[in-house]
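**Student:** Mind looking at a prediction? Sequence and model below.
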Amino acid sequence: MKTPFVCLLLGLLSAVELSASLDFYQKHVIENIQPDECTTVMQTRHIKGLFGGCKKVNTFLLGAHQKVQDICAGISGQKIVNFNVVVCKHDGSSLHPNCIYAGQTLGLEIVVIRCKDGVPVHLDKTVVFNNE
């Protein structure tokens with residue numbers, strides 16, 4: 001009787017991790033985005049803040065789908081990597097669902113990605129890359 005319960009529990013945990021990974025890709029991974037496309041992309045991808053309002057800041061990793069997959073393959077924990085990014089910042093005055101964002105291309109950034117069981121689940125932070 002315990003075996004079916006354990007299998008169900010493992011299946012649910014896998015589904016939660018898969019959902020977190022899909023959420024990560026939806027919020028942070030894009031082939032290409034121009035800074036003036038932030039409002040449209042944030043709206044079409046339904047990216048919202050913690051309590052459903054306008055998200056203050058969102059970072060997009062450019063052309064990163066396969067690279068993120070490879071980085072997290074077979075590991076759990078944080079990985080530090082370099083990515084070209086575009087940061088979308090809320091204008092501070094618009095309200096959900098009509099959030100307006102200004103974008104900025106930051107170029108190469110140091111990005112900290114949290115991986116769990118081989119999949120990305122959170123973008124922990126970005127740090128300005130300084131190659132001086």
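**Tutor:** Structure received. Being a predicted model, the structure only gives us computed values, none of them experimental.
**Student:** now the helices for the chain?
**Tutor:** Taking DSSP state H to define them, one finds helices in the chain at 2-28, 38-44, 65-72.
**Student:** Please list the residues outside the shortest one that contact it.
**Tutor:** For helix 38-44, contacts defined as Cβ atoms under 8 Å, 6 or more residues apart in numbering pick out 30, 33, 55, 58, 60, 86, 88-89, 97, 99-103. Placement of C-beta: from N, CA and C, glycine included.
**Student:** top of these by neighbour count?
**Tutor:** Most neighbours among these, by other Cβ atoms under 10 Å: Phe60, with 27 neighbours.
**Student:** Pick out the most distant pair among the contacts of helix 38-44.
**Tutor:** The span of those, defined through Cβ to Cβ, is set by Val86 and Pro97 at 21.6 Å.
**Student:** nearest spatial neighbour of the one residue sitting closest to the centre of the chain, skipping sequence neighbours?
**Tutor:** Nearest residue to the geometric centre of the chain (Cα atoms, centre = their mean): His28, 3.1 Å. Sequence neighbours aside, Leu123 is the residue nearest to His28 in space, at 5.0 Å (criterion: Cβ to Cβ, 6 or more residues apart in numbering).
**Student:** now Lys116
**Tutor:** In this structure, Lys116 finds its nearest non-sequential neighbour in Ser76, 5.1 Å apart by Cβ to Cβ, 6+ apart.
**Student:** ok, so what distance separates that neighbour from His122?
**Tutor:** Separation of Ser76 from His122 (Cβ to Cβ, to the nearest Å): 12 Å.
**Student:** and these two? which has more neighbours close in?
**Tutor:** Between Ser76 and His122, counted using other Cβ under 10 Å, His122 has the larger neighbour count: 17 against 13.
**Student:** Cheers, nothing more for now.
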